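Generate coordinates for the sequence data below:
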Amino acid sequence: MNWKSRRRILAVHEHLHKIEIGRLSKLERAARDLKEEEARIVGYLDGNREMIAMFPDIVLERLKSNIRRQQDMLKEVERQTDLTLEQARRVKQAERLVDNAEQAREQALELEALREILEHHSHMTDLSAR
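Reported below is the predicted structural model:
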């Protein structure tokens with residue numbers, strides 16, 4: 001695989017990593033929103049005892065639903081975190097491949113330049129020997 005191919009692979013992995021970071025950020029925002037909703041529900045419970053007396057099942061069910069969604073969201077955030085970290089590892093691996101390819105390319109160029117110098121010097125030595 002040549003240097004340009006490895007650079008393209010690195011670019012793809014970097015792009016995928018940005019997508020995973022965006023997904024993780026979106027999930028974290030949704031988790032914070034659920035936590036805030038839970039705080040509002042609890043606030044309603046603390047602040048309006050008459051309303052609680054009228055609708056205990058509704059308020060309790062909404063609180064339970066929120067807690068279940070938070071648990072599901074935490075699992076999803078953990079899963080997305082793992083995906084994001086895995087993509088970050090792929091980016092690092094692709095970066096190493098690109099670095100290795102660049103080093104190999106530079107070494108090949110240096111060897112070619114050295115060959116040319118040696119050939120030129122050898123040719124000049126042959127001419128002077130005549």
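
Mind checking what secondary structure the residue positioned nearest the centre of the chain has?
Compute the mean C-alpha point of the chain, and by C-alpha atoms, centre = their mean the closest residue is residue 17, 3.1 Å away. Three-state assignment for residue 17 (DSSP: H, G, I helix; E, B strand; the rest coil): helix.

Check the gap between it and residue 31 for me.
21 Å (C-beta to C-beta, to the nearest Å). C-beta here means a position set from N, CA and C on the backbone, and glycine is covered the same way.

Can you list the residue ranges for helices in the protein?
3-47, 49-54, 56-129 (DSSP state H).

Present those as TSV; the columns should include mean pLDDT.
Formatted as TSV, the helices of the chain follow (pLDDT from 0 to 100):
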stretch	mean pLDDT
helix 3-47	87
helix 49-54	63
helix 56-129	88
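
Single out the most deeply packed of the ones you listed.
Comparing the helices of the chain by mean neighbour count (mean count of other C-beta atoms under 10 Å), helix 3-47 ranks first with a mean of 14.

Could you list every helix and strand in contact with that one?
helix 49-54, helix 56-129 (3 or more C-beta pairs under 8 Å, 6 or more residues apart in numbering; DSSP states H and E).

who wins for proximity to residue 23 among those?
With C-beta to C-beta as the criterion, residue 23 lies closest to helix 56-129 of the helices and strands packed on helix 3-47, at 5.5 Å.

can you give me how far that closest one is from the chain middle?
Chain-centre distance of helix 56-129: 10 Å, with C-alpha atoms, centre = their mean, to the nearest Å.

now for that helix, which elements pack on it?
helix 3-47.

report the angle between the axes of the helix it packs on and helix 56-129?
Here helix 3-47 runs at an angle of 160 degrees relative to helix 56-129 (axes from the mean of the first three to the mean of the last three C-alpha atoms, to 10 degrees).

any idea how far helix 3-47 is from the chain center?
That offset, for helix 3-47, works out to 11 Å (C-alpha atoms, centre = their mean).

ok, back up a step: okay if I get the helices and strands packed on helix 3-47 as CSV plus distance to residue 39?
Formatted as CSV, the helices and strands packed on helix 3-47 follow (distance: least, C-beta to C-beta, whole Å):
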stretch, distance to residue 39
helix 49-54, 16
helix 56-129, 10
